[in-house]
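A.B. asks: Sequence and predicted model, in that order:
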Amino acid sequence: MAQVKLSFLQIFSIMLLFLLGSTIVVGLNFNLQQDTWIGLLITSFLGVGVLYFYFIMLSIGNWGNLYELLEDGFGKIVGKSLQIVYTLYFCYIGGRVLKDFAFFTSKMLFEDISPWIISFSFISTIGYILYLGIESFARGTQILLFVVITQILMLLLTGYFSNAFLVKNLGPLFQHSGSAIVNTVFPTGITFPYGELIALTILFPLADHKSKLKTYGWLVILVVGGLLIAAAEMIVGILHPKLAEIYVFPFIKALEGLDFLGFLEHFELFAVLINLIGGCIKIFVFAYAALVGISKIRIKNKKNQSIILVCCLTYACSLILSGNLIEHLYIGLKVVPIYLHVPLQFIIPFILTMLLLIKKSGNKAHHVSDIQ
């Protein structure tokens with residue numbers, strides 16, 4: 001695939017929209033009820049650690065992308081096998097996100113349309129964006145970033161200053177044990193969304209100013225964390241902690257009853273738009289990561305054929321994942337984080353980093369002995 005360069009602002013925009021993605025609308029976990037902000041604050045700081053762990057891994061590997069580092073660290077046979085695993089993993093997670101938005105759209109907008117039709121429309125759009133290329137996508141995210149952030153801030157201000165928001169709903173605080181907080185933070189809280197930055201290890205090497213990326217990358221995580229905490233507190237203040245915990249789409253539910261100046265209503269439509277934009281961004285990143293994987297595996301396909309293959313795999317995953325929303329949420333929250341996310345987001349990258357470090361140290365020692 002042709003090598004391109006992305007500006008810091010473009011990488012910043014992609015990262016922020018990718019992390020927000022579906023999280024602010026469908027991904028907030030209210031198991032801690034009024035203490036939800038504590039879990040979000042902890043995961044934000046851990047998210048900074050995850051980001052810089054990936055930066056360290058890429059730096060040790062001279063900023064090759066994940067697929068290149070897998071072959072450098074594990075060798076050709078194991079490396080190629082892991083390249084296939086990660087390509088399928090990105091298709092699978094992209095399919096899960098696609099299923100999220102199919103369920104969301106069929107429930108909120110088009111109740112009479114089957115989710116598979118909505119999924120097909122989404123993946124067709126993603127295929128067209130893949131055809132346009134990563135540079136076109138990156139330029140588009142700069143515009144979408146302004147649109148999404150403006151809408152989120154507008155909704156938060158509307159929620160906080162509405163009569164439905166009750167400060168008393170935010171307390172009492174610190175009602176949950178340390179073990180309850182840990183169970184919320186790990187593995188689900190840290191793997192989604194911050195562990196999913198593993199997909200961006202394909203894009204980070206394209207940054208034209210990597211030093212700036214390493215210096216200011218933490219700001220993205222803290223901005224996302226701040227927005228998620230603000231959204232969670234608004235939801236709890238409007239719905240009450242116990243109700244926020246039981247709704248599948250609490251952000252939408254909190255906005256449904258709001259009005260401004262007594263006549264402006266249906267602010268939930270803006271949340272739907274945010275979700276659709278975030279969904280497209282997130283699915284594209286996973287699909288692009290899988291597309292790069294196919295090129296590294298050296299499957300002899302033209303670009304258009306590879307795009308069709310990635311879209312078909314992602315769409316197939318969305319169809320076979322689960323039959324209903326409850327099953328889909330159970331697999332996504334209980335099964336996938338432990339058996340897929342933790343090994344592929346943390347364990348294998350950690351082993352890879354150690355192998356790359358050993359290899360780099362060995363090369364330095366060999367170079368010094370040659371000089372002597």
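C.D. replies: On my side now, so go ahead. Numbering: from 1, shown residues only.

A.B. asks: List the buried residues of the helix or strand hosting Lys214.
C.D. replies: Secondary structure assigned from DSSP states H and E places Lys214 in helix 210-239. When burial is assessed from 16 or more other CB atoms under 10 Å, helix 210-239 yields the following buried residues: 210, 213-214, 217-218, 220-221, 223-225, 227-239. (Glycine included, C-beta is placed from N, CA and C.)

A.B. asks: How far does it sit from its chain's centre?
C.D. replies: Mean-position distance between helix 210-239 and its chain equals 13 Å (CA atoms, centre = their mean, to the nearest Å).

A.B. asks: for the record, mean pLDDT for stretch 170-179?
C.D. replies: Here stretch 170-179 scores 88 as its mean pLDDT.

A.B. asks: same question but for stretch 357-371, I mixed them up
C.D. replies: Per-region confidence: stretch 357-371 scores 67 on mean pLDDT.

A.B. asks: One more: stretch 282-301?
C.D. replies: On average, the pLDDT along stretch 282-301 is 89.

A.B. asks: in that stretch, what counts as buried?
C.D. replies: Judged by neighbour count (16+ other CB under 10 Å), stretch 282-301 contains these buried residues: 282-294, 296.

A.B. asks: all helices for the stretch 251-372 of the chain, in order.
C.D. replies: Listed in chain order, the helices of the stretch 251-372 of the chain (DSSP state H, counting those that start in this stretch) span residues 268-297, 303-320, 325-330, 336, 348-371.

A.B. asks: what angle do the second one and helix 268-297 make?
C.D. replies: Direction vectors for helix 303-320 and helix 268-297, defined by axes from the mean of the first three to the mean of the last three CA atoms, to 10 degrees, enclose an angle of 120 degrees.

A.B. asks: helices or strands up against helix 303-320?
C.D. replies: Under the contact definition 3 or more CB pairs under 8 Å, 6 or more residues apart in numbering; DSSP states H and E, helix 303-320 sits against helix 76-108, helix 115-132, helix 268-297.

A.B. asks: Nearest to Leu319 among those would be which one?
C.D. replies: With CB to CB as the measure, helix 115-132 is the member of the helices and strands packed on helix 303-320 nearest Leu319 (6.1 Å).

A.B. asks: for the helix or strand following that closest one, packing partners?
C.D. replies: Past helix 115-132, further along toward the C-terminus, the next helix or strand under DSSP H and E is helix 134-160. Applying 3+ CB pairs under 8 Å, 6+ apart, one finds that helix 134-160 contacts helix 8-20, helix 210-239, helix 250-256, helix 268-297.

A.B. asks: Out of the ones you listed, flag the one nearest Ser121.
C.D. replies: The closest approach between Ser121 and any of the helices and strands packed on helix 134-160, judged by CB to CB, belongs to helix 268-297 at 10.9 Å.

A.B. asks: Quick one: distance of the closest one to the chain centre.
C.D. replies: When distances are taken as CA atoms, centre = their mean, helix 268-297 is centred 9 Å away from the chain's centroid.

A.B. asks: That one packs against which elements?
C.D. replies: The criterion is 3+ CB pairs under 8 Å, 6+ apart, and the helices and strands that helix 268-297 contacts are helix 8-20, helix 66-74, helix 76-108, helix 115-132, helix 134-160, helix 250-256, helix 303-320.
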